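S.K.: below is the structure, and that's it, no one-letter string:
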């Protein structure tokens, strides 16, 4: 009787997998394998994690917030001609993809500073918080109560004491250590406004209203609508104590000034209001300052509430735009087939294509899945490097000599389908040259993976890698 019931449930779930919209064939196959091969656990896994569902109440709240937020293009001063750069057809098409995903238009008159390293980023953030006059808005996936975490927290406490409105939003799961810490309580007592994104609550109750593993993976700091930081770095020391054996964690952050800051402010306001009750729309209606000389840039946000496959579409369009040189850094590589094909196609058409992965990954299953794609990449002519000193956590892409993409999104299924992410696309030869110099510094500390080395892998290694790749879409 139990066996018959089990088979019936398996059959019903497989029908559900086949009928579920917006799934590519590999994802359907992966879930069918899990449901059929792993008794009981496979059924439970699909019921808990098989569908991207943020819950009806969250969908309703997001719609309410979206209706309240003023579009950045409607703000006074947006009609300044300097904010609307003249672009080539090639560049305009790429920025149109970003606009179609999250609604933000490409905007000119921006400047940026590539941060030197993780500790320098924290020090720069602290200095900017100390100079804030009106408000500080901070959003991190992971915020640890370590040395870096205390530096930022204490800077917020000092800013609040002098009358600056400070708002800090952290992911409920990623920053759970901070939420339980004295630092969190001290910030709240000092007047820092605190919110938790995607609260888990009681997991047994939470699963009835959407997946519990949807996460806000963004890393954003906005100060006085004048300065914004964006990139891959969480608020934590490079030693990253929860996974210290993989340290150091190496990240890349950019400090932006100019009109693109308002797009980051708009992003934060949406997340803040969606996860709390405070309305901060008034901060988005202030007129834009006259634009100075600067480059075009655009915020591109993705997540389970944006259109299906938005993140891979963003990546693949940039890859197909490459004509001479393409360099990618990503710590987690579990691609959809279109992304893998785009990278191979770039190398096949003569683009010098380089990908840098960490030599040691903190997730063995993701690492093995990543390795399963090496042979195809190498056969196409892609140069693969593995960074040796620690976990290269930077998520960067440079295209030819003028395009840079930086942000929080990895090239894996979690970033594509489950995480709320934030990236910035920049068209600037100077910043791209600086980013490529940083990428070269990573290459200088990496080892190149050869086709001969991959061909010499044992059958056991190949079996493990390829078996895990089959269920890659559920990782």
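M.R.: Received, thanks. Source: prediction; values computed, not measured.
S.K.: show me what secondary structure element comes after the lowest-mean-pLDDT helix or strand in the chain.
M.R.: Of all the helices and strands that make up the chain, helix 203-206 has the lowest average by mean pLDDT, DSSP states H and E, namely a mean of 62. Following helix 203-206 in sequence order, the next helix or strand is strand 215-216 (DSSP states H and E).
S.K.: so which residues of the stretch 51-200 of the chain form strands?
M.R.: With DSSP state E, counting those that start in this stretch, the ranges of strands along the stretch 51-200 of the chain come out as 107-114, 135-140, 165-171, 193-197.
S.K.: just the stretch 201-350 of the chain next, same as before
M.R.: 215-216, 220-223, 227-231, 249-250, 253-257, 295-302, 325-329.
S.K.: turn those strands into a markdown table, including distance to residue 355.
M.R.: To be clear about C-beta, it is placed using only N, CA and C from the backbone, and glycine gets the same treatment. Rendered in a markdown table, the data for the strands of the stretch 201-350 of the chain read as follows (distance: least, C-beta to C-beta, whole Å):
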| stretch | distance to residue 355 |
| --- | --- |
| strand 215-216 | 25 |
| strand 220-223 | 26 |
| strand 227-231 | 19 |
| strand 249-250 | 16 |
| strand 253-257 | 21 |
| strand 295-302 | 20 |
| strand 325-329 | 5 |
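S.K.: and those strands, which one is worst for confidence?
M.R.: Across the strands of the stretch 201-350 of the chain, strand 215-216 has the smallest mean pLDDT, namely a mean of 92.
S.K.: which residues does it contact?
M.R.: 139, 141, 169, 171, 173, 174, 197, 198, 271, 418, 419, 420 (C-beta atoms under 8 Å, 6 or more residues apart in numbering).
S.K.: close enough to count as contact, the first one and residue 218?
M.R.: Looking back up the chat, that one is residue 139. Yes - A contact is recorded between residue 139 and residue 218 when judged using C-beta atoms under 8 Å, the distance being 5.4 Å.
S.K.: anything in contact with each of those two?
M.R.: Shared contacts of residue 139 and residue 218, counting by C-beta under 8 Å, 6+ apart, come down to residue 271.
S.K.: surely residue 198 touches residue 213?
M.R.: No - in this structure residue 198 lies outside contact range of residue 213 using C-beta under 8 Å: 9.4 Å.
S.K.: higher neighbour count, the two?
M.R.: residue 198 (23 against 14; other C-beta atoms under 10 Å).
S.K.: tell me which residues touch the more buried one, please.
M.R.: Under the criterion of C-beta under 8 Å, 6+ apart, the contact list for residue 198 reads 171, 172, 173, 214, 215, 216, 275.
S.K.: and these, which is closest to residue 402?
M.R.: Here the nearest of these to residue 402, counting by C-beta to C-beta, is residue 216; it sits at 31.0 Å.
S.K.: identify the bridge partners of the closest residue to residue 98 other than its chain neighbours.
M.R.: Spatially, and ignoring its direct neighbours in sequence, residue 98 is nearest to residue 300 (4.2 Å; C-beta to C-beta, 6 or more residues apart in numbering). Counting by DSSP bridges, residue 300 forms beta bridges with residue 423.
S.K.: coming back round to it: and of the contacts of residue 198, the nearest to residue 334?
M.R.: Here the nearest of those to residue 334, counting by C-beta to C-beta, is residue 215; it sits at 15.9 Å.
S.K.: before we move on, the earlier item: turn the contacts of residue 198 into JSON lines, including distance to residue 121 and neighbour count.
M.R.: Putting the contacts of residue 198 into JSON lines (distance: C-beta to C-beta, whole Å; neighbours: other C-beta atoms under 10 Å) gives the following:
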{"residue": "171", "distance to residue 121": "19", "neighbour count": "27"}
{"residue": "172", "distance to residue 121": "24", "neighbour count": "18"}
{"residue": "173", "distance to residue 121": "23", "neighbour count": "19"}
{"residue": "214", "distance to residue 121": "27", "neighbour count": "26"}
{"residue": "215", "distance to residue 121": "22", "neighbour count": "24"}
{"residue": "216", "distance to residue 121": "20", "neighbour count": "27"}
{"residue": "275", "distance to residue 121": "25", "neighbour count": "23"}
